[in-house]
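[1] Compute the structure for the input listed below.
(chains A and B)
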There are 2 protein chains.
Amino acid sequence: MKVKFVDVANMARWIQREGVENIMVGMVDYLERDYKRWEKFDKIPRVASHTPFGVIELMPTSDGEEYSFKYVNGHPSNPARGFQTVTAFGVLADVDNGYPTFQAEMTLLTALRTAATSAMVAKHLARQDSTRMAMIGAGSQAEFQALAFRGVLGIDHITIYDIDPQAIEKFKRNLEPLGFSITACSSTDEAVIGADIITTCTADKAQNQILATRHVAPGVHLNAVGGDCPGKTELEEGILDISKVFVEFPEQTRIEGEIQQKPADFPVVEFWKVLTGAESGRDNPEQITLFDDVGFAINDFSALRYLRDSVKGTELEVDIDLIADPEDPKDLFSLVANVPSLI
Amino acid sequence: MKVKFVDVANMARWIQREGVENIMVGMVDYLERDYKRWEKFDKIPRVASHTPFGVIELMPTSDGEEYSFKYVNGHPSNPARGFQTVTAFGVLADVDNGYPTFQAEMTLLTALRTAATSAMVAKHLARQDSTRMAMIGAGSQAEFQALAFRGVLGIDHITIYDIDPQAIEKFKRNLEPLGFSITACSSTDEAVIGADIITTCTADKAQNQILATRHVAPGVHLNAVGGDCPGKTELEEGILDISKVFVEFPEQTRIEGEIQQKPADFPVVEFWKVLTGAESGRDNPEQITLFDDVGFAINDFSALRYLRDSVKGTELEVDIDLIADPEDPKDLFSLVANVPSLI
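    Next comes the predicted model:
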């Protein structure tokens, strides 16, 4: 019984072949369809193993027909040692018989699905006349966010600030050739001037104030991506008081998101309810909308299925021999009985 | 960054090369060393997704230096449809940077580690003069149990009963050539006559009574393997009342094991404490000792590390391209920037 596998090289080939912006549009469609049937999913907060170095998490979910999980780590001190902050891989399985069917690298795919999730939410919550995005943080996720917002919302004016000037240079080097208008800033105060959307995406595992209340003007949509762990936040608490706050899965976000700074009954809107019409999104052009993104298992479920469907039957998926499958299912031992011809 | 991978074919080659009984001895050594440092591990009940068809579980643990998890399903109706009841794979990762280091098929490895765990426990709890084992259930796990008990305890007289006569025939066909003395029985009553050890290992997802109180004579060690899921038990409740009950991780066993039939304060001994000397094992030759086995994540941790160490540097492990690793860790996008020469 073979499992289909997309490794890092084939994932990179797929992204190059399809283009990030096209993938964003397609993935947002998968995400929206899954978010609209939110209640069908088996949902739990992700299962985290915390150490002083970082966290390793498992993120399972199921719609009753397919099961998915992602392995993902978060190690803020990794880049200084030459490693990625976040690496990941994921698996789809058939609920009917429990067999895995598909495995993929998800370091790149997580970058794509995080950006697609941000864009899906902003598409429904940002002001329709939004043209400029301020980005705080120019790490691994930054280019994917920018491409998602251009692909899905048409945003192509970006102001960016990072404490690491080389990261900003890298961001410009990667995206200016693709036609973006990018302004490198020397402070957050400078970056947020005139922004319709603010994206925060930094990696430090600490209670930081990447963004202060004074930075958030009326009408802004705030896409808060980096605060996603107990003890890891990016926003000054006061921002939560002046915003309408949208989340993925409250049971997880209250542990990991910006709202960990608030009591357990702090009011939030589950974003899927905006898609089904059960709750309103942005109520007026002056309202500040805040997506307190931590990343939820259903996002990975959608992304893995989109990838699986897109690469199906192409040379980008290969077989791996992951599942023992003896002819007589009760005779697993036959696979190791000492008869060389069987092997 | 490559991850080492042992697929099904190489796992089968490894088992043939080493021999199941030798692996059992080596794996019991790894298990005992890990059980003796039980308190060092990050421990949670496994994370289960139940459906009417079966269950899919993730089983993570960590000793603070290495992390492991296993994906495993349990679908009792699978064999009737030509599928394995249990399939599995697992991963080791480095806690320091969160990177996966090793992946392996674990359908075969789970069979080995379950048998090794049974043998480890019986080695400390069964009467020293034990020579005969009764087995109830002749499914996929049966041969591995028999080889573990011979390899570790020297048991080579086996009586066996299964409701499926063909499964018994398969068991005899696989093991008689290896020198076992096997008596096929037509009932549990017949199989347990004169047994020093009774192993129950059946797969039905129901509250069954594979074994009744009358079947368990004084002095028996009872190795109860099959009851491992809410609503899935094998023993008549009265057996628990006449036995000293040993478990892996009580928080999980109370949900999944035979003791789910009992109140939450039903007395059990954590087996690791027998190994450290904190608790006594068997107190006298007449006592009935009962290992209420459900399978815990540390068992998989030990098994994966034993495998990894055993195949290290051999042709049985291959590289898979699972972890994206750009030269500049903040420049993940460089892997997909449209420069064909990079790919």
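
[2] mind listing the helices in chain A by residue range?
    For chain A, the helices defined by DSSP state H cover A:8-18, A:20-36, A:107-125, A:142-153, A:165-175, A:188-191, A:237-241, A:250-256, A:271-276, A:297-311.

[3] can I get those in a markdown table with mean neighbour count, mean pLDDT and distance to chain B?
    For every residue, glycine as well, the C-beta is placed using N, CA and C. Shown next, in a markdown table, are the helices of chain A (neighbours: other CB atoms under 10 Å in any protein chain shown; pLDDT from 0 to 100; distance: least, CB to the nearest CB, whole Å):
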| stretch | mean neighbour count | mean pLDDT | distance to chain B |
| --- | --- | --- | --- |
| helix A:8-18 | 19 | 96 | 4 |
| helix A:20-36 | 20 | 98 | 7 |
| helix A:107-125 | 25 | 97 | 4 |
| helix A:142-153 | 25 | 97 | 4 |
| helix A:165-175 | 18 | 96 | 5 |
| helix A:188-191 | 18 | 98 | 18 |
| helix A:237-241 | 17 | 97 | 26 |
| helix A:250-256 | 19 | 93 | 14 |
| helix A:271-276 | 19 | 98 | 20 |
| helix A:297-311 | 23 | 98 | 11 |
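
[4] check contacts around A:F5.
    A:102-104, A:317-320, B:320 (CB atoms under 8 Å, 6 or more residues apart in numbering or on different chains).

[5] Off-centre distance for stretch A:173-191?
    22 Å (CA atoms, centre = their mean, to the nearest Å).

[6] again with stretch A:277-285
    With CA atoms, centre = their mean, you get 23 Å for stretch A:277-285.

[7] now swap in stretch A:305-324 and tell me
    22 Å.

[8] Check stretch A:282-292 too.
    The answer for stretch A:282-292 is 21 Å, by CA atoms, centre = their mean.

[9] buried residues in it?
    A:282, A:287-292 (16 or more other CB atoms under 10 Å in any protein chain shown).

[10] Can you lay out those as a markdown table showing pLDDT and distance to A:I197?
    Listed next are those as a markdown table, based on pLDDT from 0 to 100; distance: CB to CB, whole Å:
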| residue | pLDDT | distance to A:I197 |
| --- | --- | --- |
| A:R282 | 98 | 12 |
| A:Q287 | 98 | 14 |
| A:I288 | 98 | 11 |
| A:T289 | 98 | 10 |
| A:L290 | 98 | 11 |
| A:F291 | 98 | 10 |
| A:D292 | 97 | 15 |
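
[11] just to revisit the earlier point, hmm, which of the contacts of A:F5 are the buried ones?
    Here, 16+ other CB under 10 Å leaves A:102-104, A:317, A:320, B:320 buried among the contacts of A:F5.

[12] Reformat these as TSV; add distance to B:D265.
    Output for those, formatted as TSV (distance: CB to CB, whole Å):
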residue	distance to B:D265
A:F102	44
A:Q103	43
A:A104	45
A:E317	52
A:I320	46
B:I320	47
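
[13] so can I have JSON lines of these showing pLDDT and distance to B:F301?
    Formatted as JSON lines, the buried ones among the contacts of A:F5 follow (pLDDT from 0 to 100; distance: CB to CB, whole Å):
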{"residue": "A:F102", "pLDDT": "98", "distance to B:F301": "26"}
{"residue": "A:Q103", "pLDDT": "98", "distance to B:F301": "21"}
{"residue": "A:A104", "pLDDT": "98", "distance to B:F301": "25"}
{"residue": "A:E317", "pLDDT": "97", "distance to B:F301": "30"}
{"residue": "A:I320", "pLDDT": "95", "distance to B:F301": "23"}
{"residue": "B:I320", "pLDDT": "95", "distance to B:F301": "21"}
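
[14] okay, among those residues, which ones form the most distant pair?
    A:F102 and B:I320 (14.5 Å; CB to CB).

[15] Which segments of chain A make up each domain?
    Listed by automatic domain parsing, the domain ranges of chain A are A:3-108+A:298-342, A:128-295.

[16] Relative to B:V47, which of the ones you listed is closest?
    domain A:3-108+A:298-342 (5.3 Å).

[17] From the chain's centroid, how far away is the closest one?
    The answer for domain A:3-108+A:298-342 is 14 Å, by CA atoms, centre = their mean.

[18] Also stretch A:118-137?
    15 Å.

[19] same deal with stretch A:206-223?
    20 Å.

[20] Now distance to A:G238 too, for the buried residues of stretch A:282-292, in a markdown table please.
    Shown next, in a markdown table, are the buried residues of stretch A:282-292 (distance: CB to CB, whole Å):
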| residue | distance to A:G238 |
| --- | --- |
| A:R282 | 20 |
| A:Q287 | 16 |
| A:I288 | 11 |
| A:T289 | 16 |
| A:L290 | 12 |
| A:F291 | 18 |
| A:D292 | 14 |
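
[21] coming back round to it: may I see the domains of chain A organised as TSV, with distance to B:T87 added?
    As requested, the domains of chain A are exported to TSV (distance: least, CB to CB, whole Å):
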stretch	distance to B:T87
domain A:3-108+A:298-342	5
domain A:128-295	28
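
[22] Near chain B, which residues of the stretch 201-343 of chain A? Just list them.
    Selection of the stretch 201-343 of chain A residues close to chain B by CB under 8 Å from any CB of the partner chain yields A:320-326, A:328-338, A:340, A:343.

[23] again, only this time at 10 Å
    A:203, A:318, A:320-340, A:342-343 (CB under 10 Å from any CB of the partner chain).

[24] are any of those buried, and which?
    Buried, going by 16+ other CB under 10 Å: A:203, A:320-326, A:329-337, out of these.

[25] Just give me the closest of the buried ones among the contacts of A:F5 to A:L112.
    Distance to A:L112 across those (CB to CB) is lowest for A:A104, with 11.2 Å.

[26] so how far is B:K70 from the closest residue to that closest one other than its chain neighbours?
    Closest residue to A:A104 apart from its sequence neighbours, by CB to CB, 6 or more residues apart in numbering or on different chains: A:V6 at 4.2 Å. Relative to B:K70, A:V6 is positioned 22 Å away (CB to CB, to the nearest Å).

[27] likewise A:P100?
    Relative to B:K70, and taking CB to CB, A:P100 is found at 12 Å.

[28] Could you name every residue contacting both of the two?
    B:88-89 (CB atoms under 10 Å, 6 or more residues apart in numbering or on different chains).

[29] between those two, who's got more neighbours?
    Remark: of A:P100 and B:K70, B:K70 carries more neighbours, 26 against 23, as counted by other CB atoms under 10 Å in any protein chain shown.

[30] For that one, name its beta-bridge partners.
    B:M59, B:G90 (DSSP bridges).

[31] Contact partners for it?
    B:46, B:57-61, B:88-91, B:104, B:106, B:109-110, B:113, B:295, B:297, B:299-301, B:303-304.

[32] middle-most residue in chain A, spatially?
    Compute the mean C-alpha point of chain A, and by CA atoms, centre = their mean the closest residue is A:T114, 2.0 Å away.

[33] what's the burial count for A:F41?
    18.

[34] Isn't it up against A:F249?
    Yes: under the criterion of CB atoms under 10 Å, A:F41 makes contact with A:F249 at 9.4 Å.

[35] shared neighbours, these two?
    A:61, A:272, A:296-298.

[36] Many thanks, I have nothing further to ask.
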